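[1] Just a sequence and a predicted model for now, questions to come.
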Amino acid sequence: MRARAAPSNAEIAHALREMAWFLEMDGVAFKPRAYEKAAHSVESFERPAAALWAATGVDGLREIPSVGPGIGARIEELLRTGKIAELERLRAATPIDAFALAHIEGLGPKHAKALYEAIGVRTPQELEAACRAGRVRTLPHFGARSETKLLAALEAWKRTSGRHPIGECLPLARAIEARLRAFAPAAQIAIAGSLRRFRDTIGDLDFVAASKDPAALTHCFATLPEVSHVYAHGPGKVLVRLASGIDADLRVVQPGSFGAALAYFTGSKDHNLRLRRIAKQKGLKLNEYGLFRGERAIAGRTEEELYAALGLPFVPPELREDRGEIEAALADRLPKLLEHGALRGDLQIQTDWSDGAASIEEMVRAARARGLEYLAITDHTRDLAMVRGADERKLLQQATAVRALDAKLRGFRVLAGAEVNIRKDGSLDVADEALETLDVVGAAVHSIFGQPREAATRRLIRAMENPHVDLLFHPTARQLGRREAMDLDFDAVVAAAKRTGTALEIDAIPDRLDLDDEHARVAAKAGVPLVIDSDAHHPSHLAYADELGVPLARRAWLGPADVLNTRPVGAFLAALKDGRSRARRGRSKADAR
DNA sequence: GCCGTTTTCGGCCCGACTGTTTTCAGTCG
């Protein structure tokens, strides 16, 4: 019999969150927050809790912040038996689909419990039936309006899984921001929330404004053409649903509070909690209106002023996730992050030789116009026959064309490359002799995504062991909202990348964003070089590298030294060459064994 | 249930809005 796989940190966190929800449902004081905090902490803990426990037992688990004797014992129980008896008991006592119901907007644990106890609602489907039958309005603390709201929330829940890819949200938010600015040129207006932190998926769009006339601005927001429904409209706050199915909200404060409100609504929630606690330790109070000593505001007009008054350097929004940035700020050791405009080259470009929309010349022109200094042309290869992927002959023909163009250019380099396909067993679809002639070889998975972890990991490692492979393109092959990342032993992938001198890519095309921030951070910490590419199939796509790739890298705490394509072309190519010779050394060692 | 440069006990973030209420609980961010 196959041994049960040890629960991952994410699975442990999920169980702890469910505990928190059930405890809250029962009106238990403080414990829910303790479980919630522990869940967050386990989730963002660097090492697998299972390994920690295997090595040092239950006492070792207490190395994880916010895990004490109680929760430590629960985690141990989960690791040992695959279950938490207390969670099973809570589930049995109130057999509802807590996880699904928790995602219905406006429905919290208390109401969920009341609905179950009074009329037996256990799932979103049963909730919908009860609302339609008019049974919900008969309960205490519920009315006809509650029913209408729940039905609307259920519709929203069915339409979306709750979060939206950033590529969809960013243009929409910028358009709304522009409308608000046009309406109130004197007001301060900003995008806040997870969008300002550049998370890869966004729950809703948050806007913050400072204005002397809040009511005019909230009215403007509530009547935007993009708005399909207004949930709530108060004097300083509006909550709406947009026609695209995304929720959006606006908060308006007085100018003296703009920085405090911006920080507050940028979050994350966990980052804010830490700031609040620091304020409290100093005998201050922090809210969305400012930092107060007693009744007197001592900061709040700008975020910089606010952080300074808390004794902290300014924390860039991309870092505000309570993933160590508070500790780093307190020690004045915040990383020097990659800046916009720092990328000099783009290493994954498709042209009309395969599935791109533009010619090599057009892509080069667009790249120059964006201020880039070099480009690698990396069209698809043989296995992607559907997009006319190149065989060896076509590849050499294209390389000749690229080099001819390169020879004519002044002050810009265009490099011959390919995006070769990694087959099921880790072999490549192009012969080594052809790859050897190219400047930049990226390898990528385009099919068979569902392999077991061990096979998938071996597949990527074998591809990286080919000495001609310089880059691993979109390493986990995820597609946001469509396809999960491949199941990989990522630590093993990172170790192999380091050993073979292969750089890992942050593919910035909006539906991939692969590596994600956490993987990229792990890779960089291990000393593996990264590249940030647009994966452009059209000249306009070149913008993705700076617009989405750079913020993602900032979320991963990357500095310019971590990213190869911040280097001038000569230094970049030298780094690739170094990587190839490292892979050759690794391979000859493997052959000798 | 966790935590500690006020603490091993006594705290635990804070305010806006809604709906159902006659002063507030629940939910959200």
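    Cool, got the structure. Residues are numbered from 1 along each chain as shown, chains lettered A, B, ... in the order given.
[2] Excluding chain neighbours, what is closest to residue A:31?
    residue A:23 (5.0 Å; C-beta to C-beta, 6 or more residues apart in numbering). Placement of C-beta: from N, CA and C, glycine included.
[3] now the closest residue to DNA strand B within the stretch 1-150 of chain A: how far from residue A:136?
    Relative to DNA strand B, the nearest point of the stretch 1-150 of chain A is residue A:143 (1.7 Å; C-beta to the nearest atom of the strand). Here the criterion is C-beta to C-beta, to the nearest Å. By it, residue A:143 lies 9 Å from residue A:136.
[4] Between these two, which is the more surrounded one?
    Each of residue A:143 and residue A:136 has its neighbours counted (other C-beta atoms under 10 Å); residue A:136 has more, 24 against 13.
[5] what about stretch A:531-545, distance to the chain center?
    Counting by C-alpha atoms, centre = their mean, to the nearest Å, stretch A:531-545 is centred 18 Å from the centre of its parent chain.
[6] end to end, how far does that stretch reach?
    10 Å (C-alpha to C-alpha, to the nearest Å).
[7] How about residues contacting that stretch?
    A:343, A:346-350, A:355-358, A:362-363, A:365-367, A:370, A:372, A:471, A:473-474, A:503-510, A:512, A:549-550, A:552-553, A:563-565 (C-beta atoms under 8 Å, 6 or more residues apart in numbering).
[8] mind listing which of these are in helices?
    A:362, A:363, A:365, A:366, A:367, A:550, A:552, A:553 (DSSP state H).
[9] just the buried members of those residues?
    Listed as buried from those are A:363, A:366, A:367, A:550, A:552, A:553; burial here means 16 or more other C-beta atoms under 10 Å.
[10] Reformat those residues as a markdown table; add distance to DNA strand B and pLDDT.
    Compiled in a markdown table, those are given as follows (distance: C-beta to the nearest atom of the strand, whole Å; pLDDT from 0 to 100):
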| residue | distance to DNA strand B | pLDDT |
| --- | --- | --- |
| A:363 | 40 | 93 |
| A:366 | 38 | 94 |
| A:367 | 38 | 96 |
| A:550 | 25 | 98 |
| A:552 | 22 | 97 |
| A:553 | 26 | 98 |
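[11] wait, residue A:467 sits on residue A:577?
    No: between residue A:467 and residue A:577 there is no contact under C-beta atoms under 8 Å: 10.9 Å.
[12] quick one, which of the two is more surrounded?
    The neighbour comparison of residue A:467 against residue A:577 (other C-beta under 10 Å) goes to residue A:467, with 23 against 13.
[13] picking that back up, average pLDDT across the helix or strand where the residue nearest to residue A:31 lies?
    According to DSSP states H and E, residue A:23 maps onto helix A:9-25. The pLDDT scores in helix A:9-25 average 88.
[14] and it, what other elements does it pack with?
    Counting contacts by 3 or more C-beta pairs under 8 Å, 6 or more residues apart in numbering; DSSP states H and E, helix A:9-25 packs against helix A:31-43, helix A:69-81, helix A:85-93, helix A:98-101, helix A:109-119.
[15] Go through the ones you listed and find the least confident stretch.
    Among the helices and strands packed on helix A:9-25, helix A:98-101 scores lowest, at a mean of 83.
[16] Would you mind listing the buried residues in it?
    For helix A:98-101, by 16+ other C-beta under 10 Å, it's A:98, A:101.
[17] what residues does that helix touch?
    Here helix A:98-101 has contacts from A:18, A:21, A:22, A:25, A:91, A:107, A:109, A:112, A:123, A:124, A:127, using C-beta under 8 Å, 6+ apart.
[18] Kindly reformat those residues as TSV containing distance to DNA strand B and neighbour count.
    Below are the contacts of helix A:98-101 laid out as TSV (distance: C-beta to the nearest atom of the strand, whole Å; neighbours: other C-beta atoms under 10 Å):
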residue	distance to DNA strand B	neighbour count
A:18	14	19
A:21	10	20
A:22	12	23
A:25	8	24
A:91	17	16
A:107	6	21
A:109	5	21
A:112	6	23
A:123	16	12
A:124	13	19
A:127	12	27
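[19] so what's the residue lying closest to residue A:283 once chain neighbours are set aside up against?
    Closest residue to residue A:283 apart from its sequence neighbours, by C-beta to C-beta, 6+ apart: residue A:293 at 7.0 Å. Going by C-beta under 8 Å, 6+ apart, residue A:293 touches A:283, A:284, A:285.
[20] just to revisit the earlier point, could you list the alpha-carbon positions for the helix holding residue A:23 in PDB?
    Extracted C-alpha coordinates of helix A:9-25, given in PDB (Å, rounded to 0.1, in the frame of the first residue of the first chain):
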ATOM      1  CA  ASN A   9       1.600  23.500   4.900                       C
ATOM      2  CA  ALA A  10      -1.300  24.700   2.700                       C
ATOM      3  CA  GLU A  11      -3.400  21.700   3.700                       C
ATOM      4  CA  ILE A  12      -2.600  22.200   7.400                       C
ATOM      5  CA  ALA A  13      -3.500  25.900   7.000                       C
ATOM      6  CA  HIS A  14      -6.800  25.000   5.400                       C
ATOM      7  CA  ALA A  15      -7.700  22.700   8.300                       C
ATOM      8  CA  LEU A  16      -6.800  25.400  10.900                       C
ATOM      9  CA  ARG A  17      -8.900  28.000   9.000                       C
ATOM     10  CA  GLU A  18     -11.900  25.600   9.000                       C
ATOM     11  CA  MET A  19     -11.400  25.200  12.800                       C
ATOM     12  CA  ALA A  20     -11.400  29.000  13.100                       C
ATOM     13  CA  TRP A  21     -14.600  29.300  11.200                       C
ATOM     14  CA  PHE A  22     -16.400  26.700  13.300                       C
ATOM     15  CA  LEU A  23     -15.200  28.200  16.500                       C
ATOM     16  CA  GLU A  24     -16.400  31.600  15.500                       C
ATOM     17  CA  MET A  25     -19.700  30.100  14.600                       C
END
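[21] Now tell me what touches it from outside.
    Applying C-beta under 8 Å, 6+ apart, the set of residues contacting helix A:9-25 is A:7, A:31-33, A:35-36, A:38-40, A:42-43, A:45, A:48-49, A:71, A:74-75, A:78-79, A:84, A:86-87, A:90-91, A:94, A:98-99, A:102, A:108-110, A:112-113.
[22] could you redo the last one with a cut-off of 7 Å?
    The contact list for helix A:9-25 (C-beta atoms under 7 Å, 6 or more residues apart in numbering) reads A:31-32, A:35-36, A:38-39, A:42-43, A:45, A:48-49, A:71, A:75, A:78, A:84, A:87, A:90, A:94, A:98-99, A:102, A:109-110, A:112-113.
[23] between that helix and helix A:31-43, how many degrees?
    Counting by axes from the mean of the first three to the mean of the last three C-alpha atoms, to 10 degrees, helix A:9-25 points 170 degrees away from the direction of helix A:31-43.
[24] sorry, back to before: so what sits opposite the residue nearest to residue A:283 in the bridge?
    Counting by DSSP bridges, residue A:293 forms beta bridges with residue A:296.
[25] got a pLDDT number for it?
    Looking at residue A:293, its pLDDT is 91.
[26] That'll do, ta.
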